[in-house]
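> fold the stuff below for me.
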Amino acid sequence: MKHRSRPAEQDDLLRPRLVDMIDGRHELVRLAALMDWGWFEREWAGFFPAQEGRPATDPRLVAGLMYLQHAYGLSDEAVLARWVENPYFQHFTGEVFFQHRAPIHPSSLSRWRGRIGEEGVEWLLTKTIEAGRASGALSERSLAEIAVDTTVMEKAIAHLTDSRLYEKARRSLVALAGRAGITLRQNYNRLAPRLAARAGRHAHARQFRRMRKVLRTLKGYTGRVLRDIGRKIGAVPDERLRTRIEQRMALVTRLLRQTPKAPNKIYALHEPEVDCISKGKARIRYEFGTKVSIATTLAGGFVVGMRSMPGNPYDGHTLPDTLQQVETLTGQLPSLAVVDRGYRGHGVQGTRVLISGTRRGLTPRLTRLLRRRSAIEPEIGHMKTDGRLARCALRGTLGDALYAVLCGCGHNIRKILAHLRALLAALIASLIQAIDRAERDQITAHAA
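Have a look, this model is predicted:
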């Protein structure tokens, strides 16, 4: 059903207003005045076409919580807990009076993310770009010159070992068989965990021949359980449960058949789409997650494009899609893009692309801009340390796409807040200087 409209403001002598409790010069208060909240109420109403049921949550509340969550690096539960304590958070999301209880359950944010999809979160990023323009943190000129790079957004998976994968696959099949009422010939609940622990001890002692023998046995246990369920699955009356068991059997079959160098390997049963990406780092040889393409302005490091790239594509092949997203979000195609050497052979038309290491035929200004390419690296570092880009908490490829864009939104919000704080500090400093100058002039006048 269509979202519930906020009630008309009424004077309540017993409840103080938030505007009377907070400082109007605070950066969150000033940012809330710059955001186009009415757009979310108009456009997001299309996600609720039904005319029956309970009215949906106010879109401004949801959009504001998503902004605050990724700006301050909070989880769904933590952002609501902090919302109850922080009057500035409540004012930012449109509340008039101070609230003592959380407005929604944390699971509502998950449902909203699934409903608005990638297009909805891209609109969230667009509104941060518009707010950056309105605040002065982002200029029109800076949108024409961008830097593009890729990074790895890791997923929440455990350290990868074959013994853990085989044991987890066997355990999940046994659990599903128990729910379906399938009686197994043997479930190996006693032998398999011991073998998995033994494989780890052999690996620690560098006894790899013994370890491989244990892994073959553990793999055989999983295969026996899989074949036993396959013979008896036809007797399961519940169609939904039978479909779920068949999907898990297909995944386990794929796991048992994969070879060490096979493409599209499974590294986690709950995240089979995870890619193994090598970025050439000495401290971390491989990272397990998804590749993310990031576009920031050369002046200021404002995020103007961010998109997940599943399948670990070549960096040069991701550049056309990134530039197209930047044009969609900002309304203009960048005239210059600065990239590293991994983008050679990109094939982009319409935008001049400067690749690191190029020196021939460049003007002094282009040479300076090319040196600015490395400025995107600390921006990525801040998104991973201050934001939530270091590890994706959402599931599947859709979760990767939503999470990457929301991390870009949080980065832009932090940029705008820092700019507003700097403006306020500069204003206060200028007022203090003016007062000191007036006092000195007055003292000089009296002395004369």
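> how distant is the host helix or strand of Cys276 from the center of its chain?
Counting by DSSP states H and E, the element that carries Cys276 is strand 275-277. Remark: strand 275-277 is offset 17 Å from the chain centroid, using Cα atoms, centre = their mean, to the nearest Å.
> please enumerate the helices of the stretch 101-250 of the chain.
106-135, 162-180, 191-204, 208-232, 239-257 (DSSP state H, counting those that start in this stretch).
> just put those helices in TSV and tack on distance to Gly38 and mean neighbour count.
C-beta: built from backbone N, CA, C; applies to glycine. Conversion of the helices of the stretch 101-250 of the chain to TSV gives the following (distance: least, Cβ to Cβ, whole Å; neighbours: other Cβ atoms under 10 Å):
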stretch	distance to Gly38	mean neighbour count
helix 106-135	11	18
helix 162-180	47	19
helix 191-204	56	16
helix 208-232	55	17
helix 239-257	42	15
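> which of the ones you listed sits closest to Leu80?
Nearest to Leu80 among the helices of the stretch 101-250 of the chain is helix 106-135 (5.8 Å), distances taken as Cβ to Cβ.
> mind listing what Leu218 touches?
When contacts are counted by Cβ atoms under 8 Å, 6 or more residues apart in numbering, Leu218 touches 163, 166-167, 170, 192, 195-196, 199.
> now, among the residues you listed, which is nearest to Thr358?
Closest approach between the contacts of Leu218 and Thr358, by Cβ to Cβ: Ser163, at 48.3 Å.
> circling back: now do the strand holding Cys276: which elements does it pack against?
On a contact count with 3 or more Cβ pairs under 8 Å, 6 or more residues apart in numbering; DSSP states H and E, strand 275-277 meets strand 287-297.
> so what are the sheet partners of the strand it packs on and their directions?
strand 145-155 (antiparallel), strand 275-277 (antiparallel), strand 303-309 (antiparallel) (DSSP bridges).
> picking up where we left off before, among the contacts of Leu218, which pair sits farthest apart?
Pairwise distances across these peak at 13.5 Å for Arg170 and Ala199 (criterion: Cβ to Cβ).
> burial measure for Ala367, as a count.
Careful, residue 367 is Thr and not Ala. 12 (other Cβ atoms under 10 Å).
> out of the strands paired with strand 287-297, which one sits most buried?
When the strands paired with strand 287-297 are scored by mean count of other Cβ atoms under 10 Å, the highest mean neighbour count falls to strand 303-309 (a mean of 25).
> quick one: residues in contact with that strand.
By Cβ under 8 Å, 6+ apart, the list of residues contacting strand 303-309 reads 125, 128-129, 143, 146, 148, 150, 153, 290-297, 318, 321-323, 325-326, 329-330, 379, 397, 400-401, 403-405, 407-409, 411-412.
> stretch 160-177 now?
Counting by Cβ under 8 Å, 6+ apart, stretch 160-177 makes contact with 158, 184, 187-189, 192-193, 195-196, 199-200, 203, 214-215, 218-219, 221-222, 225-226, 229, 241, 244-245, 248-249, 251-252, 255-256, 266-269, 288, all of which sit outside it.
> residues in contact with the closest residue to Thr57 other than its chain neighbours?
Nearest residue to Thr57, sequence neighbours excluded (Cβ to Cβ, 6 or more residues apart in numbering): Ile104, at 5.5 Å. Residues counted as contacts of Ile104 (Cβ under 8 Å, 6+ apart) are 57, 61-62, 80.
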